[in-house]
Every structure is written in C-alpha cells, then in structure tokens.
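[1] Okay, here's the prediction I keep looking at, along with the sequence it came from:
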Amino acid sequence: MGQIQLRSVRKAFGDVVIIPDLDLKIEEGEFVVFVGPSGCGKSTLLRLIAGLEDTTSGTIEIDGVDATGLPPAQRRLAMVFQSYALYPHMSVRKNIAFPLMMAKMDKAQIKARVDNAAKILNLDSYIDRRPGQLSGGQRQRVAIGRAIVREPAAFLFDEPLSNLDAALRVGMRLEISELHQRLKTTMVYVTHDQVEAMTMADKIVVLRAGNIEQVGSPLELYSNPRNTFVAGFIGSPKMNLIGGAEAKKYNAHTIGVRPEHVRISTGEGLWTGVVKVSEHLGSDTFLHVDSPVSDEPLTVRADGEFPVKHGDRISMTPQDDKIHRFDAEGLAVR
Amino acid sequence: MARKVSTGRKIGMTILAWAVGLLIFFPILWTFLTSFKTELAAISIPPQFVSFDWTLENYEAIQTQSNYFHFMMNSIILALGSTALGLIFAIPAAWAMAFSPTKRTKDILLWMLSTKMLPAVGVLIPIYLLFIRFGLLDSRLGLIVVLFLINLPIMVWMLYTYFKEIPVDILEAARMDGATLRQEITKVLAPMAVPGIASTVLLNVILSWNEAFWTLNLTTSSAAPLTAFIASFSSPQGNFYAKLSAASMLAIAPILIVGWFSQKQLVRGLTFGAVK
C-alpha cells in the first residue's frame, strides 16, 4: 500500500505551464521529499497527487489504480497543510475524528482511533481544547493526528514546518521522522529547505521549473549531483562553483567544490585569498574569501577555533577526489 | 505613538458626539413622547417635552381600530421568510465566488450591486403586472420573493466578504477528509462563518422589516406588514399625530430591541473587510 506512480503528468493554468511533463515513481513506504526553490512546482505536484488540482494531461496511479479522475477523499491520502488547516470551531478531539465521522465509522471505533492517535502524538493534555488555544507546534501535532487516524495509503506534507520557529522545527522534524519509522507508511513531503530534505528523506526529488533535476538518496545527491543546479541546491553552505581558467585546468567548464572539502592553511596552498567575512558557529567557522580564481567569493569551512579575521590572507587546497566537474550545459562530467 | 489630546478638546469632542447622537435619536425620542400625549397635546405650540399628562389612550385606540398582531405576524413572516430564502441562495453563491473566483467575479458582484442603484419605482409596473398575472397581489409568498430578490445582492456581498477571510486550506482539508460538497458547506464553512451569517441575517431582517415601498404597493390587508399598519394611521381627515406615533412605536419596537442587543454584530458585519 502506498505506491504512487506519475506518468507524463502535465499541469498548466491557462497559458502558464507549471509542470511540463513529469514521470515519477514513489515506492511503498518511502519517505520522498520534493525540494526546490519557490515557484518550482513542488506544491502543485503535491496538490495534483492529492487531487486538489486536476492534471492537464497524464495519469496518476495509486497502488496500481488510476486515480487521475478520483476526488481527493477517494484517493486514501491524508494531507498536512502548511497552515495546519484545523477546523477552528471544533475541539482537538473533533478535529481528529472529523475524517472518521465523514467516513461514517461507528462511535466506539472512532474513539479508539482518536485516543490512539492522541497517545502517539502526546495530545492527551489538550484534547478538549480548540485550535485557537494551542501553540503552533501543538496545532501541527493535531494536524498530523487528523492525518494518521485515517490510516491512509500515504501522507502528503505541504511545507508543514515552515510556520514554526527554528527550535520547534528541529523537534518536529525528528518527530515526523520517528513517525515514519513507526508507521512505515509512504510519506511525500514538500519543502524548500534542503536541510529538511537531507535529514528526513529516503529519496529526494529536486525540482526546478516543474522539471525533475535529479532523484536520489540524500547522499547520492550530495556526492554526485547531476548538474550545477542540484550541486548548488543540496548542501549547506552551498557548493562553490568556479568557472574560467581554473576550471579549464580540470578539463571542465565549471568545477564545484564544497566548503567542507577544502583544506585551509596560513602557509602554502593551491589557491590564495583574502578573508572577507568569518562566521564563527562554535563547532565550525565558515570563511567567505575573495580569491582571484573565482568572481564570486568562495565559502570554505574551517575548525571552530581557526584564528582568522577580516583581511587575513589564507590559502586553500581542494581535496582532489572531491572536485565536481561540469560541462558547458552544466551537466556533471564523470 | 498615541497623539496627545488636551482635556478641553476631549470635552468638546464628547459634547459634539453626544449632540450628533441625540440629533439622530431625536425623531425616535419625539415619536416615543408623542405616543403618550393626547391628540391635543401632540400638536400644541410650544411643544411639550415631558410636562404633559401621560396617557395610554393612543395605544388602546389603535388596538381597537386595527389588529396590530396581524400586521406584526406578517412583518415577522416576511422578514424571516425572505431572509431564509436569501440564505439558501446567497451562501452557495458567495461560496463559489469566494473560493473559486474567475476573472469576472468582481464584475458580477458589482453588477449585482448595481441593481440596488436602480430606482425601485422603475420596475413597479412590470412587477405589479406580474403579480396580477400570477395572483400574487396581497400574498405573503409574493412579497417574500420580492424582498428576497431586492436584498439578495447585499446578502451575497456580505457573505462574500466574510468567506474571503476564511483560508481555503481548511476547506481543502475537509475535502481531503472526505467531506462531500454539502458537508463542506454545512459542517465546516457555515460554522466558521457564523458571525458573518448572523450579521447578514440581522441586517436582512432589519431591511425587510423596514421596507416600505413594495410592502405598501403590493399589499392591501391580508399580507400587509407593519409598514402598512403605520401608513393606515395617516388618514385623509388629517393626521392624528399621537395615534400615528403610537402605531410607529409599536411597529419599530421589535426591531429596535433586536437592533439594540445586536449592535456589536451589526457594526462588525457592516465594517467587516474594511480593515485588513
């Protein structure tokens, strides 16, 4: 249960094409993250799967059954919205029970399921409150509770954490990951935050302008980005992309080096540069360095205690086996 | 930063506000006072404020002259009937316009509202003829339909502005949760829009209650509401001001009381969407 297959899916609003032509297979039990910059069509794609939007052409199959024409409720999918979308006039209990009431399940069974969901998500203490009396994190839990009681074929998450503050976001991220371990249900998760994508996904789908740029596990995307877009999007801080004469030396149009794959010293090195800004995070120091090899400042990672400041001259040596090479079209050269 | 207001200015503004308030309220106050005067005291010059002999004779007289409760029942039936009918049409219409807008939605709303700018007398003859044709003259049903139609644009507008404030996500969540279209409207949208629906109902009841053009022109007796009741006291032999005032008080009292207790709702309803 929970296999989703998209075939030649196209979505256009009038003349505006959001998704030109997309094929994707989501395996049963997978945690798939759609990631991309805003406007890349990731939310639209999720809404197409949910049935909240109709495809312009192409088919969507859920567990081998064509669901393209089915209304949202009949696709056996549950969705968690960015705004939580709780019913403000109902208590937490009613909110969670709502999908079961719509399915005309009997009262005892509804109660059992709601209690179970409340236990899993620690909602017991505020089960009789209204959403308006809850904090953002609690609301998000209720929204997830409303999704899990239905025991759906797959969960759809539409940027569920972006309304939460940073600390809470990390906590909820872990909770959702744990929930996935526990339920083993397919989850499709949309985010623009590559950290969420990297930490949660079994499989990441990187989207740009409605096209899939690359599909793979987080580490595949990190170590073998298919093109400069994926290279720049996955990893934080982002990969340094260097063109021109320096790239020619490596037989490439552009080379890419991640900040963490550069050795830094105050002595000899391959490249030299002047530190523009140093960001001390405690565990690491990120240096933004002006260097003649690149028009853009390079970002490199140093130890937390690396003693540099604005204006210092340093040298940098990329690790040879960690240099990514790209051709003129931006595609990786292997 | 809050502006500094001097005490003198505050007092001045308070007096002005009270003056304007009293000015607006004065006709109702005067009608109230007059209704307790004798016919002679009612037309005495200089006018008497409170130093007259208070009497209930006008109220007694109009009870014997005509059947107040008959008119009031008609008013209630017309106001509630046209409002209920209005909700049945306005809620789905506003729902469609608020949540599935097209390029022309705004135009349709404006066009609907523009019908309110037409002078009612312009369509009196056609409607009168239609009423004759369908045997609706002096019938409650006919009036309910007319009142419903003339207030429908306002109901749709008000509900539309309320519905606009409701995040579409919540309706989509209901759709995902398996709610049918009807359940989406009755179980999710309507309960969330209760304040909006309440003030729409209230305003519409008041408008229907006070409507005097169509109710006077299309009724004679059996369907006549309180507006006709008041009008019947301005007689050709000259006006009996005290009795007219008593009739007016009886006619406006129910709606005045309802309005008084629901001021907050009304103000919110009328200004909703103005800010933000």
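    Arrived safely.
[2] Give me the neighbour count for the closest residue to A:E196 other than its chain neighbours.
    Excluding its sequence neighbours, the residue lying closest to A:E196 (CB to CB, 6 or more residues apart in numbering or on different chains) is A:R173, at 6.2 Å. (Glycine included, C-beta is placed from N, CA and C.) Neighbourhood size, A:R173 [other CB atoms under 10 Å in any protein chain shown]: 19.
[3] Confirm for me that A:R173 is in contact with A:S162.
    No. Using CB atoms under 8 Å, A:R173 is not in contact with A:S162; the gap is 11.6 Å.
[4] next helix or strand past the helix or strand that contains B:L110?
    Assessed by DSSP states H and E, B:L110 sits inside helix B:105-114. Next helix or strand after helix B:105-114 toward the C-terminus (DSSP H and E): helix B:124-133.
[5] Follow the chain on from that following helix and name the next helix or strand.
    helix B:140-164.
[6] Please name every helix or strand in contact with that next one.
    helix B:68-99, helix B:105-114, helix B:194-210, helix B:213-218 (3 or more CB pairs under 8 Å, 6 or more residues apart in numbering or on different chains; DSSP states H and E).
[7] For the first one, what does the pLDDT average out to?
    For helix B:68-99, the per-residue pLDDT values average out at 92.
[8] can it be found next to chain A?
    No. Applying CB under 8 Å from any CB of the partner chain, one finds helix B:68-99 separated from chain A by no less than 12.0 Å.
[9] With mean neighbour count as added columns, please give the helices and strands packed on helix B:140-164 in TSV.
    Output for the helices and strands packed on helix B:140-164, formatted as TSV (neighbours: other CB atoms under 10 Å in any protein chain shown):
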stretch	mean neighbour count
helix B:68-99	19
helix B:105-114	13
helix B:194-210	21
helix B:213-218	18
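[10] Make JSON lines out of these and add distance to A:L22.
    Listed next are the helices and strands packed on helix B:140-164 as JSON lines, based on distance: least, CB to CB, whole Å:
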{"stretch": "helix B:68-99", "distance to A:L22": "27"}
{"stretch": "helix B:105-114", "distance to A:L22": "31"}
{"stretch": "helix B:194-210", "distance to A:L22": "40"}
{"stretch": "helix B:213-218", "distance to A:L22": "59"}
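[11] and B:G135, which of those helices is closest to it?
    Across the helices and strands packed on helix B:140-164, B:G135 has its closest neighbour in helix B:213-218 (12.3 Å, CB to CB).
[12] Which helix or strand contains the residue nearest the centre of chain A?
    Closest residue to the average C-alpha location of chain A: A:A197 at 3.2 Å, with CA atoms, centre = their mean. A:A197 belongs to helix A:194-200 when assigned by DSSP H and E.
[13] Where in chain B is the helix or strand with the lowest mean pLDDT?
    Least confident helix or strand, chain B: helix B:263-271 with a mean of 67, by mean pLDDT, DSSP states H and E.
[14] For the stretch 1-150 of chain B, give the residue positioned nearest to chain A.
    Closest residue of the stretch 1-150 of chain B to chain A, CB to the nearest CB: B:K103 (10.0 Å).
[15] Which positions in chain A make contact with chain B?
    So chain A meets chain B at A:50, A:52, A:71-73, A:77-79, A:81-83, A:85-89, A:98-99, A:102-103, A:146, A:150 (CB under 8 Å from any CB).
[16] Going through those, which ones are buried?
    For the residues of chain A next to chain B, a burial check counting by 16 or more other CB atoms under 10 Å in any protein chain shown picks out A:50, A:52, A:72-73, A:77-79, A:81-83, A:85-87, A:89, A:98-99, A:102, A:146, A:150.
[17] Can you spell out which helices and strands pack onto the helix holding A:A197?
    By 3+ CB pairs under 8 Å, 6+ apart, helix A:194-200 packs against strand A:31-35, helix A:166-183, strand A:186-191, helix A:218-223.
[18] redo that, cut-off 6 Å
    Helix A:194-200 sits against strand A:31-35, with contacts defined as 3 or more CB pairs under 6 Å, 6 or more residues apart in numbering or on different chains; DSSP states H and E.
[19] B:W111 versus B:L118, what's the distance?
    Computed as CB to CB, to the nearest Å, the B:L118 to B:W111 distance reads 12 Å.
[20] and if you look at B:V188?
    29 Å.
[21] Which residues are in contact with B:D138?
    Shown in contact with B:D138 (CB atoms under 6 Å, 6 or more residues apart in numbering or on different chains): B:219-220, B:222-223.
[22] Among those residues, name the ones in strands.
    Among the contacts of B:D138, no member falls in strands (DSSP state E).
[23] Derive a ChimeraX selection command for the buried subset of the residues you listed.
    Selection of the buried residues among those in ChimeraX, burial being defined by 16+ other CB under 10 Å:
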select /B:219,223
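[24] Closest one of the contacts of B:D138 to chain A?
    Checking those one by one against chain A (CB to the nearest CB), the nearest turns out to be B:A223, at 38.6 Å.
[25] quick one, what contacts the closest one?
    By CB under 6 Å, 6+ apart, the neighbours of B:A223 are B:74, B:138-140, B:143.
[26] now B:L130, nearest residue through space, not along the chain?
    Closest residue to B:L130 apart from its sequence neighbours, by CB to CB, 6+ apart: B:L136 at 7.6 Å.
[27] Please tell me how far the residue lying closest to B:T200 once chain neighbours are set aside sits from chain A.
    Once flanking residues are discounted, B:T200 sits nearest to B:M158: 4.5 Å by CB to CB, 6+ apart. Using CB to the nearest CB, to the nearest Å, B:M158 is found at 20 Å from chain A.
[28] Neighbours of B:M158, how many?
    23.
[29] And it, how far from B:M112?
    The gap separating B:M158 from B:M112 is 12 Å, by CB to CB.
[30] quick one on the thing from earlier: for the residue nearest to B:L130, phi and psi?
    phi -100, psi -10 (degrees, to the nearest 10).
[31] do you know how far it is from B:G86?
    Distance from B:L136 to B:G86, by CB to CB: 18 Å.
[32] Helices along chain A, start to end?
    Assigned by DSSP state H, the helices in chain A fall at A:42-50, A:92-102, A:107-120, A:136-148, A:166-183, A:194-200, A:218-223, A:228-233, A:244-248.
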